[in-house]
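>>> sequence and predicted structure are below.
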Amino acid sequence: MENQNIKNLRDTFANSERRFLEGPRSRRKELLFSVKVLFEFLKGFRSLHFVGPCVTVFGSARFKPEDFYYQKAVEMGAEISKLGFTVLTGGGPGIMEAANKGAFEAGGRSVGCNIVLPHEQHENPYVQKSVEFRYFFVRKTLLIKYSYAFVIMPGGWGTMDELFEALTLIQTGKIEAFPVIIFGTEYWKNLIELINDMVEKGTVSKEDLRHLLVSDSIDDSIEHIKKYSIKKFGLKKRKRLTPIAWLGEMIIWQNKK
């Protein structure tokens, strides 16, 4: 059973964001909240500065190891790591755990950005480096900031939020036109029909989907990343940044088992 003090702390963090989103508060409270957000961003920058280049894998926390999509996410994580990318996830169970597991067992780099929630979310055992966040919007920004491709495995509200955040940032030119892979044609079929209907109605242009792949194939997904990340951005030539020891910027990549 989870320690009661940890549970109380998680409830406090959740209530803090809820109160912020309820509307205007005193200037002092708004300022204090802004400072907390600033420090959370700084913690994320400091922790993730040296982990890239990454591919972020999104998906539901609710899949179990015996589930089909969990197993496919393990394969996906392994193949992404073989390309030389760090596999970045939300750090929790389900699809996130599976993708981290694939990278971990393939000898690649595995990182998680965990969110503090009153329930369901906990750090999975396959992340070599984990960063914990209080605020969803900070976490989501950093999951996008360090990645050169996005893999959308089956999931729920949060996964769709992350998918459309990435697509919107690409559409508006806020980030480069990185490849986005929606994995699981049967699972996502109704969403794909909706996207196609948006294109037909003119609310989304075909150009906006030029680097979007919908697939059931790990091999096709990896080739898509090779074409639109590695070849397009010259990532094989890109050197990883080196931590400076006297600034305390040391990263140790090691198995946790």
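Arrived safely, thanks for sending.
>>> residues contacting residue 76?
57, 99, 102, 151, 153, 183, 218, 221 (C-beta atoms under 8 Å, 6 or more residues apart in numbering). Using the backbone N, CA and C atoms, a C-beta is placed for each residue, glycine as well.
>>> out of those, which are inside helices?
Secondary structure defined by DSSP state H assigns 99, 102, 218, 221 of the contacts of residue 76 to helices.
>>> mind putting those into CSV with pLDDT, distance to residue 112 and neighbour count?
Formatted as CSV, the ones in helices among the contacts of residue 76 follow (pLDDT from 0 to 100; distance: C-beta to C-beta, whole Å; neighbours: other C-beta atoms under 10 Å):
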residue, pLDDT, distance to residue 112, neighbour count
99, 98, 10, 35
102, 98, 13, 26
218, 98, 21, 16
221, 98, 21, 23
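>>> now those residues in CSV, with distance to residue 77?
Converted to CSV, the ones in helices among the contacts of residue 76 look like this (distance: C-beta to C-beta, whole Å):
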residue, distance to residue 77
99, 4
102, 3
218, 10
221, 12
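>>> which of those residues sits closest to residue 133?
Nearest to residue 133 among the ones in helices among the contacts of residue 76: residue 99, at 18.2 Å, using C-beta to C-beta.
>>> residues touching the closest one, list them.
Taking C-beta under 8 Å, 6+ apart as the criterion, residue 99 is in contact with 57, 59, 73-74, 76-77, 80, 87, 89, 151, 153.
>>> buried subset of those residues?
The neighbour-count criterion (16 or more other C-beta atoms under 10 Å) marks 57, 59, 73-74, 76-77, 80, 87, 89, 151, 153 among these as buried.
>>> could you dump the residues you listed to TSV with pLDDT and distance to residue 129?
As requested, the buried ones among the contacts of residue 99 are exported to TSV (pLDDT from 0 to 100; distance: C-beta to C-beta, whole Å):
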residue	pLDDT	distance to residue 129
57	98	15
59	97	20
73	98	19
74	98	19
76	98	20
77	98	15
80	97	16
87	97	11
89	97	12
151	98	19
153	98	21
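>>> got CSV for the residues you listed, with secondary structure too?
Below are those laid out as CSV (DSSP: H, G, I helix; E, B strand; the rest coil):
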residue, secondary structure
57, strand
59, coil
73, helix
74, helix
76, helix
77, helix
80, helix
87, strand
89, strand
151, strand
153, coil
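>>> closest to residue 207 out of the residues you listed?
Looking across the buried ones among the contacts of residue 99 and measuring by C-beta to C-beta, the closest to residue 207 is residue 151, at 21.7 Å.
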